[in-house]
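Peer 1: Here is a sequence with its predicted model. Questions after.
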Amino acid sequence: MYAFAYHRPGTVRQAQSALHKHEDSKLLAGGQTLIPTMKQRLASPSALIDLGHVAGLAGIEKKGRNIVIGAMTRHADVASSAVVQEHLPALADLAAHIGDPAVRHRGTIGGSLANNDPSADYPAAALALGATIITNKRKIAADDYFQGMFTTALEEGEIITKVSFPMPSKAAYAKFPNPASRYAMVGVFVAKKGSDVRVAVTGASNDGVFRAAPLEAALHTKFNAKSLEGVSVDHTSFISDIHGSADYRGNLVTVMAKRAVLKAQGK
Amino acid sequence: MSATGIGAPVRRKEDFRFITGKGQYTDDINRPGQTYAAFLRSPHAHATIKKIDLSAARASEGVLAILTGDDLAADKVGGLICGWMIHSKDGSPMKAGAHPALAQGKVRYVGDHIAVVVAETLAQARDAVEKIHVDYEVLAPVVALDQATKSGAPVIHDVAPNNQVYDWHLGDKAAADGAFAKAHHVTKIDLVNNRLIPNAMEPRAAIGDYDSGNDAFTLYTTSQNPHVARLVLSAFIGIAPEHKLRVIAPDVGGGFGSKIFIYAEETVCVWAAKKVGRPVKWTGDRTEAFLADAHGRDHVTHAEMALDEKGKILGLRVKTKANLGAYLSTFSSCVPTYLYAPLLSGQYNIPAIYVEVEGIYTNTAPVDAYRGAGRPEATFVIERIVEIAARELGQDPAEFRRKNFVTSFPHQTPVIMAYDTGDYGASLDKALELADYKNFQKRKKESAKNGLLRGIGFSAYIEACGIAPSAAVGSLGAGVGLWESAEVRVNPVGTVEVLTGSHSHGQGHETTFAQLVSDRLGISIDQVAIVHGDTDKVQFGMGTYGSRSGAVGMSAISKALDKVVAKAKKVAAYALEASEGDIEFKDGRFSVAGTDKSLAFGEVALQAYIAHKFSGQELEPGLKEGAFYDPTNFTFPSGVHICELEIDPDTGVTTIERWTAVDDFGNIINPMIVEGQVHGGIAQGVGQALYEGAHYDANGQLVTASYMDYCMPRADDLPSFVIDTTLTPCPSNPLGIKGCGEAGAIAAPPAVINAITDALGHEDIAMPASPQAVWRAAQKSVHKLAAE
Amino acid sequence: MVSVSMTVNGKAVSAKIDPRTLLVQFLRENLLLTGTHVGCDTSQCGACVVHVDGLAVKSCTTLAVACDGSTVTTIEGLAHDGALHPMQEAFREHHGLQCGFCTPGMIMTAVDLVNRKGHTLDEHTIREELEGNICRCTGYHNIVKSVAAGAQAMAGHK
């Protein structure tokens, strides 16, 4: 790790001003991606602004037809939350399978969404559920938020404070983990709300998380795994590596989408 | 059998320190005034070093020294060696290129060592490494094995203009050709034995310490064989004479072969300690382990089997290209030759065998012994070709094997080995029963109903362990003898210290060796301490690898115990005022035959030390005996493993549903520990078959350089295993032990691949059979599933 | 340099450290608690697992300074008054370790698992929950047995 300065703000405002003050500084949430990256000397922030002691950033509540989750809420807390398990079980299930138990005790939803790793799980949920990313400055619709691998709509000095998930009528996430890293090689989140069906795919594309229009169209006609038979997504911009070439990932998208639909139907 | 004697599943004595966090691994040791080393490693697979600019790095904070290959040369420090001479078919010696611990003029693989920075802290050392500027002339790399020896390929070492280390053969070509000439059927296969990275969980580490008052060095290191390390560092590399160099291998967190070898890092640490005047510590990180630990396997093989009309094997021809990497590691040359070809007869009666092996340099990390070392490669060839032959002839693979098993012993194969004993049919019968083979087809139909492809695969392996008779290995080119030493020191109150040249890095020697002592001397295992891993304590030893610690290491202890008992009888005779011939020793008591006079072992020990009863006699005081044991033959553990698995054709995911292993390890000292060895071996073998594979890209960059890309088997990848044993005691050592450490890793890969190919209905799958690979292969057989 | 204070194995400790000090470095180098190990660089092997405020975390992926004010338990703090923790005892009884290097992390992960999921654990759950702990020696067979037995034994503990 390269040397850095450490700051521990107590409020979001203090965090924001620390970010402004220190050029090339970074926010530290759970650190489960950032710290390994820094250890390998692949990132060299001048300062880390630790959000761990900022009041009011963690917590889960049901607000009307939405589940609102604080940015510093740990994956394990989302997974075990009675509120999430009752009203948005697909999200609890997703959170319960991010990384491993120790990672889930540190990693946070805000950190995951801010980083927008192309193999992260939460972006699929946020996009498929049509979540709203709430920052210290504004509210961003998920459709506008994800802008490609490791790229988001967040501006300089902008800090995610909460994420609001509308409750779907049916939803599920199916992940095919990379055999080595266990990150999503393909993860498909399917959400049905009224007649609207949204399908978001993580892990597969060089452009990061995306909505799979052909799958959405097929499921819109009939929300059934059979509807996806023979339906595929264009895999030309998919990731190809030693674990899976683009066509294999393309196949997995349809297979995982089918499994997600079955899961959403309780099958 | 006593509760702690031979055959008892005694709980391990060493565990207390490990489960309480009190183990002492190399990195847990800190020496006063310790400094930290970090290595600059080559980012290129093949390049000449035009210039190294150290000025910025030297000025970096906390830097104490920066050393390069020039400094090694100036100090006349010798290069790393390969200790086994292989001669080519034409009689010429293998072509061993120079292997300096820090590069001299050229780098030959990504991760090759260029310079070491020694600094006050590790972070400072790493900061300074980044400030070293090297001017490289990047050369075209040799990565692909099949391109390496082609004319015009870049030359890695000038001594080997075509990158060929040796072109070796074994067996009788004319006899093999004759077998093929009369064959009714010939089965042919092309196989790749994938390159693996050993991945002991404790990364390698070293602390070099120099005592200027005595001009003596100490090296703490993660070694499976500290005496061999000292020998090489002294006699060949020239760090210090043996009596001025102490090598300590404390608790070692797994080895699997990778910690046998004498590497650049420990050599540099011990040498640098004198130059810096302070202890120098290096602890590898996982990435360094991936880049620069010796890798394993990496063969490309074509094999052909000649069969008669009934399916009896007539002959075998094998042609293998073995990747040895960029330099010859310590024992690398013997792995694809003498540890490989002599095992190609498997458990079968094969009248004629001819094997050709080309050892080849490439711009990749050195390749050397990894759990099994040569024997898994041989077993993969023979067990794949036997399986395919059975399928081609329409015969049941189990019965095909049985028909060809060696059934009378001793059995001389056409490739050196003389199998001493075994009952291969017994292991097969037991395995078939435990695996419920007769109902396999029912289970396969059930799987098909769920859209899953079920397959079953066999592996009837044999290995040569208990390495090895010194004269035999000497005649085959080994630079050392492979005996083992032991010393049994009885203390005056009857407690015992056993000093052994074997080294435990997970095998549980502190328990099993104590069980032997307990059994022989009739004392509690708590009264026995096993001392190993320190060249100042143990006089000499050859270390632990090749499943040799039981068969060879314990046989040495057994011999020493015989001597202790013999001398103790003499002492007891004096103490009991009887003639030596009347002294009987049983259950820890020396008694005079036909009387009620007796002394406990501890009482005799005391008599030996006070020496009141035999003062001035020929008998010397004290009770301490040593022995060197040189085995008379290899040992031949064997067994049958059966893998049953399901494939999800939609994703290519393979799930092992049942694993059955029946092994014949000869006599067993501690069945609990033996079972643990089998479990771990199977996991590594399954890892090779399904998950693991080192992958270099065309530029020689290691793509699988972390757990993000190198797939380690995890708990949820494996089932619980059903394991059992059969027994034919080994006739060549006093304990009847054959060895168990490598069996699983040897047996497992062909069992898995035979099961996958059985499920798919075709043979076109390579290791590791990753989900992607299986998915592609399954595309060719899903229609078959649908049609069934 | 920054100040950090925490409670480790029941003892209050304070130090001035470089902010880049990882929790595992703080434990091993400052406190000489070398039972916590480092087996990888990418947060996957789990040899470094300790409990921070009662939860298993990877101490190689946690800054020491971020644990200011926390309560940390390492493998050295598991046994009390000379009596082994039931999970430690179970690993010994069921031969859940060979080289011992991954063992502290395995045991700390297992104790956390029982704390979260209770005393009756099936094989599938145990294997899934050990995803973040790599063992190269045992093939996991006896680790799984040890965790199941340790979980049962923990029911009668405390």
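Peer 2: Cool, the structure landed. Bear in mind that the values here come from a model prediction, so they are computed numbers and not experimental data.
Peer 1: What separation do you get for whichever residue of the stretch 351-500 of chain B sits closest to chain C and residue B:684?
Peer 2: Nearest to chain C in the stretch 351-500 of chain B, going by C-beta to the nearest C-beta, is residue B:371, at a distance of 9.7 Å. The C-beta positions use only the backbone N, C-alpha and C, and glycine is treated the same way. For residue B:371, the distance to residue B:684 equals 6 Å [C-beta to C-beta, to the nearest Å].
Peer 1: mind listing what the residue nearest to the spatial centre of chain C touches?
Peer 2: When C-alpha atoms, centre = their mean is applied to chain C, the residue found nearest the centroid is residue C:108 (2.8 Å). By C-beta atoms under 8 Å, 6 or more residues apart in numbering or on different chains, the contact set of residue C:108 is C:49, C:50, C:51, C:56, C:73, C:74, C:75, C:78.
Peer 1: Which of those sits closest to chain B?
Peer 2: Of all these, residue C:75 has the smallest distance to chain B: 3.6 Å, by C-beta to the nearest C-beta.
Peer 1: I'd say the closest one and residue B:23 touch.
Peer 2: No. Taking C-beta atoms under 8 Å as the definition, residue C:75 is not a contact partner of residue B:23, at 9.9 Å.
Peer 1: how about the nearest residue to residue 33, chain neighbours excluded?
Peer 2: By default, I'm working from chain A. Distances taken as C-beta to C-beta, 6 or more residues apart in numbering or on different chains put residue A:115 closest to residue A:33, at 5.5 Å, once the chain neighbours are dropped.
Peer 1: ah, no, chain C please
Peer 2: The shortest distance from residue C:33 to any non-neighbouring residue, by C-beta to C-beta, 6+ apart, is to residue C:27 (4.5 Å).
Peer 1: Looks to me like the one you found is in a helix.
Peer 2: Yes. The assignment for residue C:27 (DSSP: H, G, I helix; E, B strand; the rest coil) places it in a helix.
Peer 1: Just the local confidence number for it, please.
Peer 2: For residue C:27, the pLDDT comes out at 98.
Peer 1: mind listing what it touches?
Peer 2: Residue C:27 sits next to C:8, C:33, C:36, C:50, C:59, C:72, C:74 when contact means C-beta under 8 Å, 6+ apart.
Peer 1: Now do stretch B:42-59: everything it contacts.
Peer 2: B:63, B:66, B:68, B:103, B:105-115, B:117, B:128-129, B:131-143, B:154, B:156, B:363-364, B:696, B:699-701.
Peer 1: Among the residues you listed, the buried ones, what's the PyMOL command?
Peer 2: Of the contacts of stretch B:42-59, the buried ones go into a single PyMOL selection, burial set by 16 or more other C-beta atoms under 10 Å in any protein chain shown:
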select buried, chain B and resi 63+66+68+103+106+107+108+109+110+111+112+113+114+115+117+128+129+131+132+134+136+139+141+142+143+156+363+364+696+700
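Peer 1: now, which of the contacts of stretch B:42-59 lie within helices?
Peer 2: Judged by DSSP state H, the contacts of stretch B:42-59 include B:128, B:129 as members of helices.
Peer 1: check the contacts of stretch B:42-59 against chain C, which are close?
Peer 2: Filtering the contacts of stretch B:42-59 for proximity to chain C by C-beta under 8 Å from any C-beta of the partner chain leaves nothing.
Peer 1: just checking, which of the contacts of stretch B:42-59 belong to strands?
Peer 2: Residues of those located in strands (DSSP state E): B:63, B:66, B:68, B:106-107, B:113-115, B:117, B:133-138.
Peer 1: Could you measure from the residue of the stretch 351-500 of chain B closest to chain C over to chain A?
Peer 2: Distance, residue B:371 to chain A, by C-beta to the nearest C-beta, to the nearest Å: 20 Å.
Peer 1: so what pLDDT did residue C:157 get?
Peer 2: pLDDT, residue C:157: 78.
Peer 1: do the same with residue B:784
Peer 2: Per-residue confidence (pLDDT) for residue B:784: 56.
Peer 1: List the contacts of the residue of chain C found nearest chain B.
Peer 2: Going by C-beta to the nearest C-beta, chain B is nearest to residue C:35 of chain C, at 1.9 Å. Residues near residue C:35 by C-beta under 8 Å, 6+ apart: B:20, B:21, B:22, B:23, C:74, C:75, C:76, C:104.
Peer 1: at 6 Å what do you get?
Peer 2: Residues counted as contacts of residue C:35 (C-beta atoms under 6 Å, 6 or more residues apart in numbering or on different chains) are B:21, C:75, C:76, C:104.
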